[in-house]
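*Asks:* what would the 3D arrangement of this be:
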Amino acid sequence: MHGVLEAYRNLPVVALLFTLAWAFVVVAAPRRPIGLGSLGRLLYFCALGSMGLAGAGGILLSSTQATIPRFPWVGFVAVVHAVAGMRARRALRVGRRPQAVIAVVLQTACAAVSGWPAGLITV
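*Replies:* The predicted structure is shown next:
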């Protein structure tokens, strides 16, 4: 079980890195309506997938391990991350880059907060 816990500790970092790469794609996008392109689509799906795995893994591990504190909001943060990502993608598609940037800032904040239960962010 120790190996699963160590693998989970790396998932929020991977999610944050993919989210930051996706944020760069959003910020660097032109103001006119555009498609994402293959790299943008890949980064978008990797950011959402890794964050979803981090959220599901955090809930699974916290429910099965008595030594891990319970963080029921980790799944909620993953859902907010996904919704913000969808809003950013739709805003880019219709040419509303400022709304896309706001959504991706929220998405990045969610990815950063998801690292706290794993011990990545200390208070």
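*Asks:* contacts, neighbours, all on C-alpha from now
*Replies:* Noted.
*Asks:* longest helix of the protein?
*Replies:* In the chain, taking DSSP state H as the definition, the longest helix is helix 37-64.
*Asks:* what residues of that one count as buried?
*Replies:* Residues of helix 37-64 classed as buried: 40, 43-59, 61-62 (neighbour count, 16 or more other Cα atoms under 10 Å).
*Asks:* helices and strands around that helix, which ones?
*Replies:* helix 2-27, helix 73-94 (3 or more Cα pairs under 8 Å, 6 or more residues apart in numbering; DSSP states H and E).
*Asks:* and the next helix or strand past the shortest one?
*Replies:* Secondary structure here is assigned by DSSP states H and E; on that basis, the next helix or strand after helix 73-94 toward the C-terminus is helix 97-113.
*Asks:* which positions in that following helix come out as buried?
*Replies:* Those would be 97, 99-101, 103-108, 110-113, for helix 97-113 by 16+ other Cα under 10 Å.
*Asks:* can you tell me the SS state at Gly35?
*Replies:* coil (DSSP: H, G, I helix; E, B strand; the rest coil).
*Asks:* burial measure for it, as a count.
*Replies:* 15 (other Cα atoms under 10 Å).
*Asks:* with adjacent residues omitted, what lies nearest to it?
*Replies:* The shortest distance from Gly35 to any non-neighbouring residue, by Cα to Cα, 6 or more residues apart in numbering, is to Arg93 (5.8 Å).
*Asks:* quick check: the one you found touching Gly37?
*Replies:* No - when contacts are counted by Cα atoms under 8 Å, Arg93 is not listed as touching Gly37 (11.0 Å).
*Asks:* could I get the contacting residues of the residue nearest to Val79 when sequence neighbours are not counted?
*Replies:* In this structure, Val79 finds its nearest non-sequential neighbour in Gly52, 7.8 Å apart by Cα to Cα, 6+ apart. By Cα atoms under 8 Å, 6 or more residues apart in numbering, the contact list for Gly52 reads 78-79, 82.
*Asks:* who wins for neighbours among those?
*Replies:* When neighbours are counted by other Cα under 10 Å, Ala78 leads those with 25 neighbours.
*Asks:* distance of that one relative to Arg96?
*Replies:* Applying Cα to Cα, to the nearest Å, the value for Ala78 to Arg96 is 24 Å.
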